[in-house]
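A.B. asks: Predicted model and sequence follow; I will ask about them next.
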Amino acid sequence: MRRLLTLIVLIATAGALFAAWMHPRVIDPRNIGWLLDGHDRGQSAIGLAAYLAGGGWPSLHNALLSAPEGTSLLLTDSIPLLGLLLGPFAGSLAGMQFVGAWLFACVVLQLLFAWALVRPHAPDLPSAWFGAVLLAAMPMLFNRFGHASLCAQWLILWALWIYVEPRRAERPLWWVAVLGVAALVHSYLLLMVASIWAGWLLRQMGAPGRVRTLGEAAVTIGFVALLLAGQGVFGGGFLSTGTYGAFPMALDAWWNPANPGYAALMPSSPEDHGRGFEGLNYLGAGVIFAVVVAVATRRAALRHLLWLVPAFVVLGVIAIGPQPLLGGKPVAILHLPPWVIDALDPVRAGGRLFWPATYVLTYAGVVGVLALRRATLVLAAAVAIQAVDLAPMLAAIRTTSARADDPTVFTRTRDPRWPGLIARATRVDFTPADPFVDLQVMEEVTWRAVCAKRPVGFTYTARVSAKSRARLAAERAAFERGELAPGHLVIVQDGKLPAALRARAVRIDGVVVVGR
């Protein structure tokens with residue numbers, strides 16, 4: 001009975017955190033419009049909807065987007081795990097979104113794993129509750145509102161939960177589970193989880209049975225590689241963007257929010273170089289208070305966490321990048337050779353890679369406070385300070401889901417001719433193939449196409465395969481010559497038409513459209 005009551009309290013707490021972060025109506029799968037606002041989370045919803053409409057289950061190939069080659073759920077940040085879980089019910093899920101439900105599930109799992117980590121160290125339930133809230137309600141989680149897949153930071157806590165208990169960590173199936181799920185959510189989270197696993201492997205190198213440990217590690221790596229291969233990660237001919245270092249973590253990221261107006265109690269430098277989003281590792285004033293108290297008292301025995309440091313150093317170097325920043329200004333510039341930049345392109349948004357270290361520091365701080373005689377009082381104060389400090393951040397982020405209270409789906413493509421045009425098309429195309437000309441229009445038209453089960457030639461993905469790039473270039477060249485494939489409906493994003501196609505163009509809702 002006590003366990004059930006505890007679970008109810010934790011879920012209610014997660015509900016309160018979620019409501020402070022997002023409008024509750026985002027959970028309704030029929031509520032679509034709030035996602036189609038020209039941001040990345042809209043593409044996450046589109047990718048999953050296209051996968052379910054295309055009937056690709058149990059593979060993770062998405063045939064309707066980047067047609068005819070297709071793409072994968074991973075490359076549209078559409079959470080392959082959800083595709084596998086929802087695929088068998090695809091016929092009854094047409095036109096629905098699951099981003100909101102996923103975000104809520106992430107908050108619940110975040111709090112449950114935080115509780116599992118904190119409870120063994122807590123002298124009573126109130127101190128455990130305050131400690132779990134402090135570990136769960138991290139600014140990095142709230143700040144990822146635009147990338148639903150990266151809100152699965154409970155994977156980091158899950159991996160840490162395995163690591164801190166040797167009896168769990170010695171069972172390879174635990175690591176297979178967390179690494180496998182991470183591979184089905186997001187590649188960056190897979191690297192973060194792998195860094196904690198690497199710490200465990202390093203810790204085992206001096207213990208008896210290390211040969212067996214290495215053998216189990218090899219099998220685990222092989223399993224994860226198969227999962228990634230099934231998602232098209234290898235052999236796609238993906239080009240480097242040359243942007244590694246553009247989204248770093250600053251040297252003062254733990255105490256600098258890098259978003260003026262986000263924190264009520266800590267000063268912030270201006271958001272620049274992507275630090276305020278990709279590189280945000282801000283602890284919050286409440287966590288900083290808890291860590292300072294823990295360091296000052298030095299009561300908790302956490303030496304086993306030191307095995308994580310080597311992997312975190314590697315992640316930290318990648319996260320900081322070639323231009324270390326302090327107070328919003330570069331302190332040095334390292335000119336990397338092009339081959340290094342290209343090699344690091346898969347982790348070009350490197351600032352986020354330091355999240356595991358930030359979580360481990362917070363966990364160590366909470367456990368350190370729990371060793372004190374007045375742990376409940378100190379942690380209650382820390383939670384109160386954190387709530388005051390992050391209130392502006394939560395208020396600002398919550399406004400981004402305000403459209404969830406409006407049932408309107410389309411705000412930029414309202415014309416009643418759109419459904420008919422798309423229904424008559426054999427494929428919907430966008431030219432030029434650039435998602436940043438007008439992403440909101442692109443998302444609305446693509447959602448219409450996906451609901452009508454019409455393939456889309458260009459879509460916004462993290463990577464574009466060599467085959468798709470060649471096709472898009474050939475189609476653009478044909479368009480500039482005035483040639484148009486039969487049945488294709490082309491959205492001319494820049495409004496520029498070759499003379500041969502001007503007579504066939506119409507303007508709908510300010511958008512230039514060409515078709516037969």
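C.D. replies: Received it, and whenever you're ready, just let me know what you need.
A.B. asks: which residue is nearest the middle of the chain?
C.D. replies: Leu150 (1.9 Å; CA atoms, centre = their mean).
A.B. asks: Next, that residue: secondary structure please.
C.D. replies: On the three-state scheme (DSSP: H, G, I helix; E, B strand; the rest coil), Leu150 is labelled helix.
A.B. asks: which parts of stretch 66-78 are buried?
C.D. replies: For stretch 66-78, burial by neighbour count (16 or more other CB atoms under 10 Å) applies to 66-67, 69-78. Glycine gets a C-beta too; all of them are placed from N, C-alpha and C.
A.B. asks: which residues touch Pro29?
C.D. replies: By CB atoms under 8 Å, 6 or more residues apart in numbering, the contact list for Pro29 reads 93, 96-98, 100-101.
A.B. asks: thinking again about what came up before, doesn't His186 make contact with the residue nearest to the centre of the chain?
C.D. replies: Yes - contact criterion CB atoms under 8 Å: Leu150 and His186 qualify, at 5.8 Å.
A.B. asks: still on that earlier bit, could you list which of the contacts of Pro29 belong to helices?
C.D. replies: Using DSSP state H, the subset of the contacts of Pro29 located in helices is 100-101.
A.B. asks: Now do the SS call for the residue lying closest to Leu439 once chain neighbours are set aside.
C.D. replies: Nearest non-adjacent residue to Leu439, counting by CB to CB, 6 or more residues apart in numbering: Gly38, 4.1 Å away. Counting by three-state DSSP, the backbone at Gly38 sits in coil.
A.B. asks: Repeat that for the one 4 residues further on.
C.D. replies: Look at Gly42: counting by three-state DSSP, its state is helix.
A.B. asks: isn't it right up against Glu443?
C.D. replies: Yes - Gly42 is in contact with Glu443 according to CB under 8 Å; the separation is 4.4 Å.
A.B. asks: any common contacting residues for the two?
C.D. replies: 35-36.
A.B. asks: What ranges does the stretch 301-450 of the chain have for its helices?
C.D. replies: 309-320, 338-343, 355-370, 375-398, 417-424, 439-451 (DSSP state H, counting those that start in this stretch).
A.B. asks: what residues does the worst-scoring helix or strand of the chain on mean pLDDT touch?
C.D. replies: Here the helix or strand of the chain ranked lowest by mean pLDDT, DSSP states H and E is strand 329-330, holding a mean of 89. Contact with strand 329-330 is made by 269, 323-324, as judged by CB under 8 Å, 6+ apart.
A.B. asks: Assign Tyr262 to helix, strand or coil.
C.D. replies: Under three-state DSSP, the three-state class of Tyr262 is coil.
A.B. asks: Look up how far Thr76 lies from Val445.
C.D. replies: 16 Å (CB to CB, to the nearest Å).
A.B. asks: for Tyr282, same thing?
C.D. replies: Counting by CB to CB, the gap from Tyr282 to Thr76 is 28 Å.
A.B. asks: again with Arg41
C.D. replies: From Arg41 to Thr76 the distance is 11 Å (CB to CB).
A.B. asks: just Leu64 next, same as before
C.D. replies: Leu64 is 11 Å from Thr76, by CB to CB.
A.B. asks: which residues do the two both contact?
C.D. replies: The contact sets of Leu64 and Thr76 overlap at Ala50 (CB under 8 Å, 6+ apart).
A.B. asks: Let me know the average pLDDT across stretch 359-377.
C.D. replies: Throughout stretch 359-377, pLDDT has a mean value of 95.
A.B. asks: can you map out the strands along the chain?
C.D. replies: 61-62, 71-72, 325-326, 329-330, 427-431, 488-492, 505-508, 511-514 (DSSP state E).
A.B. asks: can you tell which of those strands is closest to Met140?
C.D. replies: Of all the strands of the chain, it is strand 325-326 that lies closest to Met140, at 17.5 Å by CB to CB.
A.B. asks: Show me what the closest one pairs with in its sheet, parallel or antiparallel.
C.D. replies: Strand 325-326 sits in its sheet next to strand 329-330 (antiparallel), going by DSSP bridges.
A.B. asks: can you give me the offset of the partner strand from its chain's centre?
C.D. replies: Offset of strand 329-330 from its chain centre (CA atoms, centre = their mean, to the nearest Å): 27 Å.
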